[in-house]
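**Student:** This is a predicted model, with the sequence first.
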Amino acid sequence: MVDRHPVIFLGAGPGDPELITVKGQKALAQAEVILYAGSLISAAVLGWASLEAELLDTAPLTLPEILEKIIKSQREGKRVVRVHSGDPALFSAMAEQLEVLKSEGIPYRVIPGVTAAAAAAAALAQELTLPEVTQTVIFTRAPGRTPVPEREALHKLAQHGATMVIYLSVQLLDTVVSELMEAYGPEAPVVVAYRVSWPEEQIIRGTLGTIGPLVRQAGIKRQALILVGPALAPKEGPLKTRSKLYDQTFAHGFRPDPAD
C-alpha cells in the first residue's frame, strides 16, 4: 500500500487562488488529506479542494507531528498533499520533510508554484532584469532567529548592484536598509510588497532613504517582500537600452541577418 500514491508537495503560489498551476489545482481537487500552514496559505486557495478532503492546519504543529500525519495517511493509501506558500524551492523547509520520507520509503513528488517575487513583479508590471542595468536577481533573507552564512551577508551581496528580493525580513527593515545603503546609496529604488496578490495587497514604493517611515506608517510587520535595485526605478520616458531579442539588426537562429 505504501507505493500507491506519492505525497505531493505543492507550491500554492502567493495567495491568489488563480495563481496556482493547473497541475496543482488538480492535485488539490484529488487530495484526501491536505496539510497546510494556515498562517501563510490563503483560504481561497483551499477552495480547489474537495469538500470531503481532510484539512489540517500545520501552523501550531511540530515537524514530527506533521510527518506522523503524512506518513500514516499515505500508508493508509490516501492521497496526501502538503501545501507550501509560493514555491517550495524557496524558504519552505521542504528538505527536512523529504529527508524523513525518503528514510521511511515514502514516495513523493513536488509541484512548483508561483513565488511572491514573480507576483510582485507582475503587480509592478515591470521586469526585475533590464538590458545593461542588471541581468541578475538575488533571492535572500536577513539573518534573524534563522542565521545566514556570513558570505551571504546583505552588505556583501549588495556589492553586485543586482536586483535583490529579500524574503522574511520586513520586520528587520531598518537593519536591511543599513546593510544595503553603502552599496546602493540612499536614492536606490525600493519596493515593499505586502501580501502580494491577496485582496489586502499593498505595494509601497520608496528609496532606501525613505522606505522605513513609509512601511511603519502602513503598519506592515510581516508577510512582505523587500525588493531593491536600479531595475525597479519608475520608468520615465523611453527605455535607454532595449533587448536584442527583437532588434531588427540582431540575427539569431530563428531570424537571419537582414544584410544577408
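**Tutor:** Happy to help now that I have it.
**Student:** When you work out contacts or count neighbours from here on, use the C-alpha atoms and nothing else.
**Tutor:** Will do.
**Student:** Pop the domain breakdown of this protein in here.
**Tutor:** 7-111, 116-232 (automatic domain parsing).
**Student:** got a markdown table for these, with mean neighbour count and mean pLDDT too?
**Tutor:** Shown next, in a markdown table, are the domains of the chain (neighbours: other C-alpha atoms under 10 Å; pLDDT from 0 to 100):
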| stretch | mean neighbour count | mean pLDDT |
| --- | --- | --- |
| domain 7-111 | 18 | 96 |
| domain 116-232 | 18 | 96 |
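**Student:** In the protein, what residue spans correspond to strands?
**Tutor:** Counting by DSSP state E, the segments of the chain that form strands are 7-11, 33-36, 54-57, 80-84, 108-111, 137-141, 163-167, 189-194, 202-207, 224-228.
**Student:** Out of the ones you listed, flag the one nearest Val22.
**Tutor:** The closest of the strands of the chain to Val22 is strand 108-111. By C-alpha to C-alpha, the value is 10.1 Å.
**Student:** Neighbouring strands - and their directions - for that closest one?
**Tutor:** The pairing partners recorded for strand 108-111 under DSSP bridges are strand 7-11 (parallel).
**Student:** what residues does the partner strand touch?
**Tutor:** 20, 24, 27, 70, 74, 79-88, 106-114 (C-alpha atoms under 8 Å, 6 or more residues apart in numbering).
**Student:** Try it again at 7 Å.
**Tutor:** Contacting residues not belonging to strand 7-11 are listed as 24, 74, 79-88, 107-113 [C-alpha atoms under 7 Å, 6 or more residues apart in numbering].
**Student:** I'd like to know which of the strands of the chain is closest to Asp174.
**Tutor:** strand 224-228 (11.6 Å).
**Student:** now that closest one: how far from the chain's centre is it?
**Tutor:** Chain-centre distance of strand 224-228: 11 Å, with C-alpha atoms, centre = their mean, to the nearest Å.
**Student:** what's the answer for stretch 69-77, then?
**Tutor:** Centroid separation between stretch 69-77 and its chain, computed with C-alpha atoms, centre = their mean, is 28 Å.
**Student:** Please enumerate the helices of the protein.
**Tutor:** 22-30, 63-75, 94-103, 116-124, 154-157, 173-184, 211-218 (DSSP state H).
**Student:** Distance to Glu54 added to those, as CSV?
**Tutor:** CSV is the format used below for those (distance: least, C-alpha to C-alpha, whole Å):
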stretch, distance to Glu54
helix 22-30, 11
helix 63-75, 10
helix 94-103, 20
helix 116-124, 27
helix 154-157, 41
helix 173-184, 38
helix 211-218, 37
